[in-house]
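A.B. asks: Prediction below, plus the sequence it came from.
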Amino acid sequence: MDKPRKPYRTGETASVNNISGIKGVSWHEDTQRWRARALKNGKTRHVGLFKTKEEAGQAAAEAREKHRKIANKEKT
């Protein structure tokens, strides 16, 4: 019996497996800090390490917005 597939998720919501609850934010065990990441040209880019998950979330959101603006500018 096949497992039901999860619907494809887009937008600003975090994955159901996301521990932080914030898209692009995960716990970095080695440094004991929150890691922010964002996609750029289909590749995951490291944004930075932060003391709080809220700071990491803000940085990840800003990086996504920056990449969106650049991508939209290149299309025109």
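C.D. replies: Okay, I see it.
A.B. asks: where does K23 fall, helix, sheet strand or coil?
C.D. replies: The three-state label given to K23 by DSSP: H, G, I helix; E, B strand; the rest coil is coil.
A.B. asks: Give me the three-state assignment for the nearest residue to it once chain neighbours are set aside.
C.D. replies: Closest residue in space to K23, ignoring its immediate chain neighbours: A14 at 4.5 Å, by C-beta to C-beta, 6 or more residues apart in numbering. Glycine gets a C-beta too; all of them are placed from N, C-alpha and C. The three-state assignment at A14 reads coil, by three-state DSSP.
A.B. asks: which ones are touching A14?
C.D. replies: S20, G21, I22, K23, V25 (C-beta atoms under 8 Å, 6 or more residues apart in numbering).
A.B. asks: Can you lay out those residues as CSV showing neighbour count and pLDDT?
C.D. replies: Shown next, in CSV, are the contacts of A14 (neighbours: other C-beta atoms under 10 Å; pLDDT from 0 to 100):
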residue, neighbour count, pLDDT
S20, 18, 89
G21, 11, 90
I22, 20, 92
K23, 19, 92
V25, 26, 95
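A.B. asks: Reformat these as CSV; add distance to A38.
C.D. replies: Listed next are the contacts of A14 as CSV, based on distance: C-beta to C-beta, whole Å:
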residue, distance to A38
S20, 14
G21, 17
I22, 12
K23, 9
V25, 10
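A.B. asks: Out of these, the closest to K66 would be?
C.D. replies: K23 (15.1 Å; C-beta to C-beta).
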